[in-house]
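Student: Coordinates for the following, if possible.
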Amino acid sequence: MSSSGIKRLVLDVLKPHVPNLVDIANLVGKIDGVVGVNVALVEVDSHTESIKVTVEGDNLQFEEVKAALEACGASVHSIDQVVAGRTVVEEVKTHMENGG
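Tutor: Numbers count the residues shown, from 1 in each chain. Sure thing, here's the model as predicted:
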């Protein structure tokens, strides 16, 4: 049986152009407990990039993920999703959310 704890973090992150998305994914992927990372580009301006970082694993530590991102000049703007417990519960749209 899987252990409890945080299984998924979805973070809205602002970062400089360097390091690139590959470097960010590799850095976060090396954190203990991380089994997968998805880094997606959301928006680009002249000095920064907004990215969505999805981290999956077992018993993830938000502060460790945040520290790794901050070490490369990024800042976490918001925590957009947290999944915790013994299993991953996917978000489901209800009848009302689908237009009635």
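Student: So which residues of the protein form strands?
Tutor: For the chain, the strands defined by DSSP state E occupy 6-16, 34-44, 48-60, 75-84.
Student: Quick check: bridge partners of the closest residue to residue 17 other than its chain neighbours?
Tutor: Using C-beta to C-beta, 6 or more residues apart in numbering and skipping residues adjacent in sequence, the residue nearest residue 17 is residue 49, 6.2 Å away. Yep, even glycine has a C-beta here, placed from its N, CA and C like the rest. Beta bridges link residue 49 to residue 15, residue 44, judged by DSSP bridges.
Student: Residue 49 against residue 12, yeah?
Tutor: No: checked against C-beta atoms under 8 Å, the pair residue 49 and residue 12 is beyond contact range at 11.8 Å.
Student: And these two? Which one has more around it.
Tutor: residue 49 (19 against 15; other C-beta atoms under 10 Å).
Student: Quick check: the gap between that one and residue 37.
Tutor: Plainly put, residue 49 is 16 Å away from residue 37 if you go by C-beta to C-beta, to the nearest Å.
Student: Residue 45 too?
Tutor: Counting by C-beta to C-beta, the gap from residue 45 to residue 37 is 24 Å.
Student: In terms of neighbours, single out the busier of these two.
Tutor: Set side by side, residue 45 and residue 37 show more neighbours around residue 37, with 19 against 9, by other C-beta under 10 Å.
Student: Where does the prediction get shaky in this protein?
Tutor: Applying pLDDT under 70 to the chain picks out residues 1-4, 100.
Student: State the phi and psi torsions of residue 46.
Tutor: Dihedral pair for residue 46: phi -70, psi -20, per degrees, to the nearest 10.
Student: Run a quick neighbour tally on it.
Tutor: Counted with other C-beta under 10 Å, residues neighbouring residue 46 total 5.
Student: The one 10 residues further on now?
Tutor: The criterion is other C-beta under 10 Å. On that basis, residue 56 has 18 neighbouring residues.
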